[in-house]
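S.K.: Generate coordinates for the sequence data below:
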Amino acid sequence: MRVRSVLLVSTLAIVLPSLSLAQDISDDRIKALIAETLRENPDLVLEALQALEARQAEAQAAAAAAVLTDERAVLERDPNAPVMGNPEGDVTVVEFFDYNCPYCKRAMPEVDALLAEDGNVRLVMREWPILSEGSAFAARAALAARKQGKYAEMHNALMGMRGKVEADTVLRVAGEIGLDVEKLKADMQSPEIEEHIATSARLAEALGFNGTPSFVIGDQLIPGFVEKCPPSAPTEHFGVIA
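M.R.: Numbers count the residues shown, from 1 in each chain. Presented below is the predicted three-dimensional model:
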């Protein structure tokens, strides 16, 4: 209803530019004027929609910019978030991902290539399991692997899996890479793991992300990924999947 109301107001602003707010005009008369004008000028609907979309985009951009300012330290320097690449690098990329996301798995070779090509990139990992219970189990397992010094190995193994990631396959992979599975299962219940996942969800919502993978690079928000981008700069590795 809100979008419809805003669209009506936008249409009124276009089709009735000479209408004074001081005029005493009934709702029925307004509707009749709009209907008459739109019959004669159907392109005005598209114009109103475009104006509405532009205002929404501006509002979203302003909101995201405020979040980036307010949450910069959490996004880039959260001690509860794993870091890959160069921990002391001067370029920070934040990745929100899900182990059951096929696009995240497609993104992984490009992300790895970026880290190999630029030794100054810090890659902050934000586990954001949104697709299934298996995704949540995998995220907790990967984060718990930090206690055994094997986060990167667990992350890479889970991203390299074919098919759906479920609890049994996660534990199998954990054993294959040398993790103590019983210790891993106990560590998966630690409060810092739930805190990491909750923080990821909060940040993603605040930034307007609605799917994975999503990236933050400096002041740029990149809600998606495209393969085979030029490697000349970190941001050029990333784009939006059509």
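
S.K.: Next, count neighbours for residue 95.
M.R.: For residue 95, the neighbour count with other C-beta atoms under 10 Å is 24. Backbone N, C-alpha and C define where each C-beta goes, glycine included.

S.K.: any idea how far residue 205 is from it?
M.R.: Remark: distance between residue 95 and residue 205 (C-beta to C-beta, to the nearest Å) = 16 Å.

S.K.: Please apply the same query to residue 147.
M.R.: Using C-beta to C-beta, we find residue 147 at a distance of 28 Å from residue 205.

S.K.: neighbour-wise, which of the two wins?
M.R.: More crowded of residue 147 and residue 205, by other C-beta under 10 Å: residue 147, with 18 against 11.

S.K.: The more buried one falls within a helix, correct?
M.R.: Yes. Under DSSP: H, G, I helix; E, B strand; the rest coil, residue 147 falls within a helix.

S.K.: Identify the residue nearest it in space, chain neighbours excluded?
M.R.: Spatially, and ignoring its direct neighbours in sequence, residue 147 is nearest to residue 187 (4.7 Å; C-beta to C-beta, 6 or more residues apart in numbering).

S.K.: Equivalent analysis for residue 127, please.
M.R.: The spatial neighbour of residue 127 that comes closest, neighbours along the chain excluded (C-beta to C-beta, 6+ apart), is residue 139 at 3.9 Å.

S.K.: The one you found: neighbour count?
M.R.: For residue 139, the tally of surrounding residues (other C-beta under 10 Å) stands at 28.

S.K.: Next, work out how far apart it and residue 106 are.
M.R.: The span separating residue 139 from residue 106 equals 19 Å under the rule C-beta to C-beta.
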